[in-house]
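> the following comprises the amino acid sequence and a computationally predicted model.
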Amino acid sequence: MQKKYHIIVYGCQMNISDSERVAAVLEGIRYKQTSNITEADLVVITMCSVRQSAVNRVYGILEKIEKFKKKPVTVLTGCILKKDKKKFSNLFNHVIDIKEISNLSKLLGKNIKSKKDYLDIAPRYSSKFSANIPIMTGCNNFCSYCVVPYARGREISRPAKNIISEIKNSVKRGCKEIWLLGQNVNSYKDKKTNFPKLLRQINKIQGSFWIRFTSSHPKDFSDEVISAMAECKKVTPYLNLPVQSGDDQILKLMNRHYTIKEYKNKIAKLRKKIPGVCLSTDIIVGFPGETKKQFENTAKLFRDVKYDMAYINKYSPRHGTAAAKLKDNVSIIEKKKREKILNEILKITALEKNKKYIGKEVEILNDRTKEYKNILVKNLKPGEFIKVKVTGAKPWRLTAN
Ligand code: 5AD
Ligand code: SF4
């Protein structure tokens with residue numbers, strides 16, 4: 001009987017993409033995917049370590065698995081911290097670095113030649129219309145609060161020719177949306193190809209598809225990237241530019257290497273070159289020592305920039321990071337309060353922005369506009385670009401007939 005596997009993914013789009021490669025390795029040794037975890041012979045968890053709450057979820061799912069009648073073989077991969085690796089190796093059958101994932105077949109007793117670079121594994125895509133394409137992995141930035149450089153290691157860029165060939169294949173099989181992924185896509189480098197050059201090369205690929213990318217570090221978000229975004233018709237007018245804080249002193253403590261003035265200048269340039277571009281950001285509230293006044297600078301930034309969307313995180317100390325040595329002295333109640341204040345500002349600016357779409361025609365793919373706005377449409381044609389007229393707007397969603 002063919003063995004069945006089930007994958008649980010926590011965290012970001014990169015983890016989803018990594019899980020697609022895990023699935024490919026397993027299908028390569030004739031495992032079959034099941035959506036019912038209780039009947040699986042093998043359960044893989046692709047974990048995230050960015051917040052402790054994400055790590056705790058792994059323990060939660062393990063407890064559940066222990067109660068199953070059929071005990072599956074368990075595998076842990078994804079973003080794992082060294083100190084957690086030791087703990088988890090007592091609880092899982094296999095704990096394996098994502099970069100070593102092609103060795104999973106050997107661990108499961110099948111002697112299949114492993115790929116040197118895990119990004120060269122042809123993935124088993126989870127979507128017909130949208131392809132996650134990792135262009136680089138790891139990070140060299142060491143923002144003081146972040147575990148990613150420890151869990152994922154240093155930056156490695158993928159050869160441009162491999163990226164181009166994966167995209168060509170995805171477009172051939174009918175993909176309409178290409179997501180270029182990396183912890184810091186703006187520092188992509190393969191010989192003479194930097195990120196803007198890569199965008200231009202991808203833009204030249206024949207076919208009708210949109211190019212999106214995440215995530216960008218403001219310090220590396222250059223004029224050249226803005227020009228490429230503006231000139232490449234396939235690149236969508238949407239940008240996630242994580243600012244993390246609106247206060248220069250906090251940014252320094254975060255080791256972010258830009259000031260708010262520089263950040264705002266980049267946004268002004270972007271908006272000038274791409275009118276109507278949609279902008280989202282990531283924020284951390286309650287970083288160690290963040291005073292009310294410093295937080296007020298973040299609130300001011302929100303009012304000034306008028307984001308379309310923001311992902312607001314409450315600071316949580318992470319083992320081994322520089323910020324973990326600082327006292328986590330903003331109470332959870334205060335963090336929640338600050339999160340709420342930012343959400344209220346965001347709700348107003350997002351609604352203001354969304355209302356401007358009413359009566360206008362927008363191009364959509366599934367439940368998103370080209371600008372990455374959520375949209376609810378009655379007669380949706382999955383996987384097809386369609387034009388619809390916007391009839392209503394809420395802070396987090398547009399509606400169309
Ligand atoms: N605490 C809270 N949020 C964090 N992030 C990263 N590390 C932490 C942390 N220690 C957030 C950042 C990042 C997003 C992916 O997660 O905002 O952009
Ligand atoms: Fe973490 Fe900073 Fe790297 Fe982003 S750029 S992954 S926040 S260290």
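Now that the structure is in, tell me what you want to look at. Residues are numbered from 1 along each chain as shown. Ligands and ions are numbered 1, 2, ... in the order given.
> can you give me the end-to-end distance of stretch 284-291?
Looking at stretch 284-291, the gap from its leading to its trailing residue is 13 Å under the measure C-alpha to C-alpha, to the nearest Å.
> so does it get close to ligand 1?
Yes - part of stretch 284-291 sits close enough to ligand 1 to count as contact by C-beta under 6 Å from any ligand atom, namely I284. Where you see a C-beta, it was placed from the backbone N, CA and C, and this is true even at glycine.
> where do the helices sit along the stretch 1-150 of the chain?
Using DSSP state H, counting those that start in this stretch, the helices of the stretch 1-150 of the chain run over 13-28, 52-66, 82-89, 104-107, 148-152.
> can I get those helices in JSON lines including mean pLDDT and distance to ligand 1?
Listed next are those as JSON lines, based on pLDDT from 0 to 100; distance: least, C-beta to the nearest ligand atom, whole Å:
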{"stretch": "helix 13-28", "mean pLDDT": "95", "distance to ligand 1": "10"}
{"stretch": "helix 52-66", "mean pLDDT": "93", "distance to ligand 1": "8"}
{"stretch": "helix 82-89", "mean pLDDT": "92", "distance to ligand 1": "15"}
{"stretch": "helix 104-107", "mean pLDDT": "90", "distance to ligand 1": "26"}
{"stretch": "helix 148-152", "mean pLDDT": "92", "distance to ligand 1": "8"}
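> what's the closest non-adjacent residue to Y311?
Counting by C-beta to C-beta, 6 or more residues apart in numbering, D282 is the residue found nearest to Y311 once chain neighbours are left out, at 4.8 Å.
> same check on H94?
Leaving out its chain neighbours, the residue that sits closest to H94 by C-beta to C-beta, 6+ apart is V75, at 4.7 Å.
> if we can go back for a sec, give me the phi and psi angles of the residue nearest to Y311.
Per-residue torsions, D282: phi -110, psi 140 (degrees, to the nearest 10).
> which helices and strands does the lowest-mean-pLDDT helix or strand in the chain pack with?
The helix or strand with the lowest mean pLDDT-type score in the chain, counting by mean pLDDT, DSSP states H and E, is helix 104-107 (a mean of 90). Packed against helix 104-107 by the contact rule (3 or more C-beta pairs under 8 Å, 6 or more residues apart in numbering; DSSP states H and E) you find helix 13-28.
> and the contacts of stretch 186-201?
Stretch 186-201 has contacts (C-beta atoms under 8 Å, 6 or more residues apart in numbering) with 135-136, 140, 155, 157-160, 163-164, 180, 182, 185, 211, 213, 216-217, 220-222, 224-225, 227-229, 231-232, 235.
> I appreciate the help and will end here.
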